[in-house]
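**Student:** Turn this into a model:
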Amino acid sequence: MNAKERVMAVINHQKPDRMPCLGANSTVTYEQMEKVQAFWPEGHENAETMAKQAMAAYTVLGFDAVRVPFSQTLEAEAFGCKIKPGRGVDGNEGIPGIEHPPPYTLDDVPVFPDDFLSRGKISELLKAVRILKGELGDEVPIIGGIIGPFTIAGSLIDTVPLLKATFKTPEKIPPFLDVAEQAGTALAKALIEAGADIISCEDMTASPELIAPKTYGDVELKYQKKQFDAISVPKILHICGKVDRIVQWMGQTGADILSLEPKADAGLARKKCGPDTILLGGADTAQTLFLKDAETVKRACEKSIADGIQILAPGCAVAPGTSTENLLAMVEVAKVH
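**Tutor:** Prediction:
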């Protein structure tokens, strides 16, 4: 099997030749940048550099998919948020963030821009996907990343006011979730048209470590479900942290794959979501992949597989300073399962 056949076999509940290993979130590191001679910030801004960095997941790491983008600010920027450059360790370029103040307040009425897909760096992202499709064809699946409704809403009014509103004025939140859902859905459809085979949705702010689980079930769920109902390719849902208290609702969103950090209970996810939901995960990106050695990474991956993980992956976005050796260790484990 090639990489795409391997990944799609698991998604279609067929037996692959071995377990796939890929990243549902960004896997770009400084070592990979050096290897392929493609660097940030150009990798966030220029299609050719972005595609070159994404290809490293396959050509350098041996992962079974490539993924773009590497930042989490594209939708926010298209809504008018100001973006600040990221700074990593030792002065290296990092992942961009969002400047204050946000473009809206809770009392405003947000508007979804008619020209959303032509704003900011979205056109470069779509061009990068077309480049990747031209190079990879049907050999390697392309994962297109979008940001989930709750997280985009937090970008529009700032996360703290959004979190406070979930308790004090929940009736003010839906207009922001509505335009946020429209944004992610529009971007997902454009990514698919450009050549993406899978859509990965990151909704970091929807974590039960930030909002009450009831808020996810009562408020966020219907927007995520509406979004996934409109997306025609397999979908990954990633919510950071220990998601045990909302995992049953995550399983109702229409996601084909749930991306779980190791702190989440994969066995509980299987019980709550049933046999049709694919579970993806592996090693903790901070405590294991970034800080430990390759043997520790392998043990963590073996534990995740024993717990029920079906696609091996970093638990969240990979820290740019992570060693290539540790990421290669994940592939070694996948190859024997």
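**Student:** residue ranges for the helices of the stretch 151-300 of the chain, please.
**Tutor:** Under the criterion DSSP state H, counting those that start in this stretch, the stretch 151-300 of the chain carries helices at the ranges 159-168, 174-194, 213-215, 221-229, 247-250, 266-273, 294-307.
**Student:** Ok, which of these comes nearest residue 146?
**Tutor:** helix 174-194 (4.4 Å; Cβ to Cβ). All C-beta spots, glycine's among them, are computed from the backbone N, C-alpha and C.
**Student:** could you give the angle of the closest one to helix 221-229?
**Tutor:** 20 degrees (axes from the mean of the first three to the mean of the last three Cα atoms, to 10 degrees).
**Student:** Surely residue 113 and residue 103 touch.
**Tutor:** No - judged on Cβ atoms under 8 Å, residue 113 makes no contact with residue 103 at a distance of 10.9 Å.
**Student:** can you list residues touching both of the two?
**Tutor:** Counting by Cβ atoms under 8 Å, 6 or more residues apart in numbering, the residues touching both residue 113 and residue 103 are residue 79.
**Student:** can you tell me the helix or strand for residue 313?
**Tutor:** Here residue 313 sits within strand 311-314, counting by DSSP states H and E.
**Student:** which other residues reach that strand?
**Tutor:** Residues from elsewhere that reach strand 311-314 (Cβ under 8 Å, 6+ apart): 7, 10, 19-25, 27, 257, 259, 278-283, 285, 289, 301, 304-305, 327, 330, 333-334, 337.
**Student:** Make a PyMOL selection of the buried ones in these.
**Tutor:** The following PyMOL line selects those of the contacts of strand 311-314 that are buried, judged by 16 or more other Cβ atoms under 10 Å:
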select buried, resi 7+10+19+20+21+22+23+24+25+27+257+259+278+279+280+281+282+283+285+289+301+304+305+327+330+333+334
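**Student:** Just the ones in strands from the contacts of strand 311-314, please.
**Tutor:** 257, 259, 278-283 (DSSP state E).
**Student:** Go through the residues you listed and say which is closest to residue 174.
**Tutor:** Of the ones in strands among the contacts of strand 311-314, the one sitting nearest to residue 174 (Cβ to Cβ) turns out to be residue 259, at 26.0 Å.
**Student:** per-residue confidence at the nearest residue to residue 323 once chain neighbours are set aside?
**Tutor:** Distance criterion Cβ to Cβ, 6 or more residues apart in numbering; nearest residue to residue 323, sequence neighbours excluded, is residue 31 at 6.6 Å. In the prediction, the pLDDT value recorded for residue 31 is 97.
**Student:** do the same with residue 100
**Tutor:** 88.
**Student:** Just give the number of residues close to it.
**Tutor:** By the measure other Cβ atoms under 10 Å, the count of residues near residue 100 is 8.
**Student:** which residues touch it?
**Tutor:** Per Cβ under 8 Å, 6+ apart, neighbours of residue 100: residue 158.
**Student:** Figure out the helix or strand that it lives in.
**Tutor:** Using DSSP H and E, no helix or strand contains residue 100.
**Student:** separation between it and residue 154?
**Tutor:** 12 Å (Cβ to Cβ, to the nearest Å).
**Student:** pLDDT weak spots in the stretch 101-250 of the chain?
**Tutor:** Applying pLDDT under 70 to the stretch 101-250 of the chain flags no residue at all.
**Student:** gap between stretch 68-88 and the chain center?
**Tutor:** 14 Å (Cα atoms, centre = their mean, to the nearest Å).
**Student:** hmm, back to that, of the helices of the stretch 151-300 of the chain, which is nearest residue 139?
**Tutor:** That would be helix 174-194 among the helices of the stretch 151-300 of the chain, by Cβ to Cβ, at 17.1 Å.
**Student:** which parts of the closest one are buried?
**Tutor:** Within helix 174-194, the residues that qualify as buried are 175-192, 194, counting by 16+ other Cβ under 10 Å.
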